[in-house]
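Student: have a look; sequence and predicted model below, questions after that.
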Amino acid sequence: MTYRWDFTPLLDNWQALAMGAVGTLRLFAVCLVLGLGFGLVVALARRSRWRAARWFSIGFIEFFRNTPVLVQILWFYFALPMLVPVEITPFTAAILGISLNSAAYSAEIYRAGIQSIEPGQWEAARAIGMSGLQTLRRIVLPQALRRVLPALTNRGIEIFKMTTLASVVAYIELLHQGRLIASLNFNPLEVYSVIGALFFLFLYPLVRATYALERRLARSD
Amino acid sequence: MYNWDFTPIWANGDLLLAGLGNTLALTVVALAGGLPVGLALALARLSGSRLLAAPAGLVIEVFRTTPPLVQLFWFYFGLPIILKVEMTPYLAAALTFTIQSGAFFAEIFRAGIVSVEKGQGEAARAIGMSKAQAMRRIILPQAVKRMFPAMMERSIELMKTTTLVATVSYADLLYQANELAQKTFRPLEVFTAAALLYFLVITLVSMLGALVERRMAQSGEMAR
């Protein structure tokens, strides 16, 4: 006998799923802005003329790239409150883990982009009297960011997938809500198929768009 | 000021090490399964036959664009309902990570194979090799060399992703750390120690990879 799929409990609980979707989008938006933003700061610190800033940046990147993001989230959730007398909510722990992890990855992307700009451009900008910061802002970064846009979009997609890890510390997002529905209705097959499909339908157009962007940039460069 | 106390960790070090052993075992199994799956998917996608390319493409895209934790839950909680078999955390984890890393490896294989000049395959065919022979003897050996850095990076990603199995109670390093933290009421020390262990192992693996990469680059120079 084949299994009979039944999606009615899912349809009945669409409000719970919608609540989860809102939680997913909220976490994604915060981590995208913080992760990609702080990543740029770390990348610039790595080029700083102060040795302490460079060392901090290298240590930060190596540590956060070479440990699993789930360990980072659990560390912020269970371990950090022992050190500092503040309450860490699941939302805060997820933001800290995912944003810092993504910052370390995106810092390396920005660095590659900045390095790809010919040294002659720095020299030319200095020659016409721009300061280092002005050169960075007006000449180097606009070109570098354009070149790394596909890599940054990929990072964004990774961040979106990573938000599901917040369910482990009981943050209310799509997967957490799915788990709840599955345990109440004994329908894990339907639930996880639908959750997977939702992620795929949302992310796949972005993946295609990134491919197209890559091809366009490759042609114009 | 918090008083750090690592004695409970030293006393239970064997638990954490057993967890690390399970993490490494799962990574090796997923690698051993993922590489052939990836090669098969890549060859199917490049085969030129739509009957093979379309399903391979679908598997690759689905496993690359959905969250790994959703995949794991699907294999652990969902699949047994269709197959009517009992699913263990280990089996679900091995299946998920074999197919998932296979999907990622497939794209690396594909890029490597496409990067070998077309003329080489044609030359091999011209001297009488079959398509399969040309792929095995001429194209793949060169492609694999070029793919090595990407393969290495993906394998390290895989090792980090295996932490998700702690959520289905497979006794990997993270799971053991979580148990220990609850038992000793020392989450700070336990999770810090676990993070450091991961950091050490992953740094070591990536340094080894960089070493092999340099060696291969040197031997490539000499061959030329």
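Tutor: Cool, got the structure. Just so you know, these numbers come straight off a predicted model, no measurement behind them.

Student: what residue ranges in the chain score low on pLDDT?
Tutor: The chain I'm using is chain A. Within chain A, the ranges that satisfy pLDDT under 70 run A:1, A:221.

Student: nope, chain B
Tutor: Applying pLDDT under 70 to chain B flags residues B:220-224.

Student: can you do 90?
Tutor: Within chain B, the ranges that satisfy pLDDT under 90 run B:1-13, B:48, B:84-86, B:117-118, B:131, B:144-145, B:213-224.

Student: OK, contacts around residue B:137?
Tutor: By Cβ atoms under 8 Å, 6 or more residues apart in numbering or on different chains, the residues touching residue B:137 are B:124, B:129. In short, each C-beta sits where N, CA and C put it, glycine included.

Student: for it, grab phi and psi.
Tutor: Residue B:137 adopts backbone torsions of phi -90, psi -30, taken as degrees, to the nearest 10.

Student: longest helix of chain B, counting residues only.
Tutor: helix B:187-223 (DSSP state H).

Student: next one: that one to chain centre, how far?
Tutor: For helix B:187-223, the separation from the chain centroid amounts to 15 Å (computed by Cα atoms, centre = their mean, to the nearest Å).

Student: give me the contact status of it with chain A.
Tutor: Yes. Judged by Cβ under 8 Å from any Cβ of the partner chain, helix B:187-223 comes into contact with chain A through B:187, B:188, B:190, B:191, B:192, B:194, B:195, B:198, B:199, B:202, B:203, B:206.

Student: just the helices in the chain please.
Tutor: No chain specified, so I'll use chain A. Under the criterion DSSP H, chain A carries helices at the ranges A:8-12, A:14-46, A:51-65, A:69-74, A:80-83, A:90-115, A:119-127, A:132-134, A:141-162, A:174-185, A:188-220.

Student: wrong one, I was asking about chain B
Tutor: With helices called from DSSP H, chain B shows them at B:7-11, B:13-46, B:50-65, B:68-73, B:79-83, B:89-115, B:118-126, B:131-133, B:140-161, B:173-184, B:187-223.

Student: starting at the chain centroid, how far to the first one?
Tutor: Okay, so that is helix B:7-11. That offset, for helix B:7-11, works out to 31 Å (Cα atoms, centre = their mean).

Student: now for the residues of helix B:187-223 next to chain A: which two are most distant?
Tutor: Greatest spacing in the residues of helix B:187-223 next to chain A, by Cβ to Cβ: B:187 and B:206 (27.7 Å).

Student: the two: which has the busier surroundings?
Tutor: Set side by side, residue B:187 and residue B:206 show more neighbours around residue B:187, with 21 against 17, by other Cβ atoms under 10 Å in any protein chain shown.

Student: how close does the more buried one sit to residue A:70?
Tutor: Distance, residue B:187 to residue A:70, using Cβ to Cβ, to the nearest Å: 15 Å.

Student: so residue B:78 makes contact with residue A:188?
Tutor: Yes. When contacts are counted by Cβ atoms under 8 Å, residue B:78 is listed as touching residue A:188 (5.0 Å).

Student: and for residue A:202, the neighbour number?
Tutor: Counted with other Cβ under 10 Å, the neighbours of residue A:202 add up to 16.

Student: so what's it up against?
Tutor: Shown in contact with residue A:202 (Cβ under 8 Å, 6+ apart): residue A:160.

Student: and the gap between it and residue A:28?
Tutor: From residue A:202 to residue A:28 the distance is 10 Å (Cβ to Cβ).

Student: give me the residue from chain B nearest chain A.
Tutor: Minimum separation of chain B from chain A (Cβ to the nearest Cβ) falls at residue B:77, amounting to 3.5 Å.

Student: which ones are touching that residue?
Tutor: A:182, A:188, A:189, A:192.

Student: so the last one versus residue B:70, what's the distance?
Tutor: Okay, so that is residue A:192. For residue A:192, the distance to residue B:70 - Cβ to Cβ - is 6 Å.

Student: related to what we said a few turns ago, buried deepest among the helices of chain B, which one?
Tutor: Comparing the helices of chain B by mean neighbour count (mean count of other Cβ atoms under 10 Å in any protein chain shown), helix B:68-73 ranks first with a mean of 25.

Student: that helix near chain A at all?
Tutor: Yes. Judged by Cβ under 8 Å from any Cβ, helix B:68-73 and chain A are in contact via B:68, B:69, B:70, B:71, B:73.

Student: stretch B:79-90 now?
Tutor: Yes. Residues of stretch B:79-90 contacting chain A under Cβ under 8 Å from any Cβ: B:79, B:81, B:82.

Student: follow-up on the earlier one: of the contacts of residue B:77 - the most surrounded one?
Tutor: Sorting these by how many neighbours each has (other Cβ under 10 Å) puts residue A:192 first, at 26 neighbours.

Student: the longest helix of chain B packs against which elements?
Tutor: The elements that helix B:187-223 packs onto, with contact taken as 3 or more Cβ pairs under 8 Å, 6 or more residues apart in numbering or on different chains; DSSP states H and E, are helix A:69-74, helix A:80-83, helix B:7-11, helix B:13-46, helix B:140-161, helix B:173-184.
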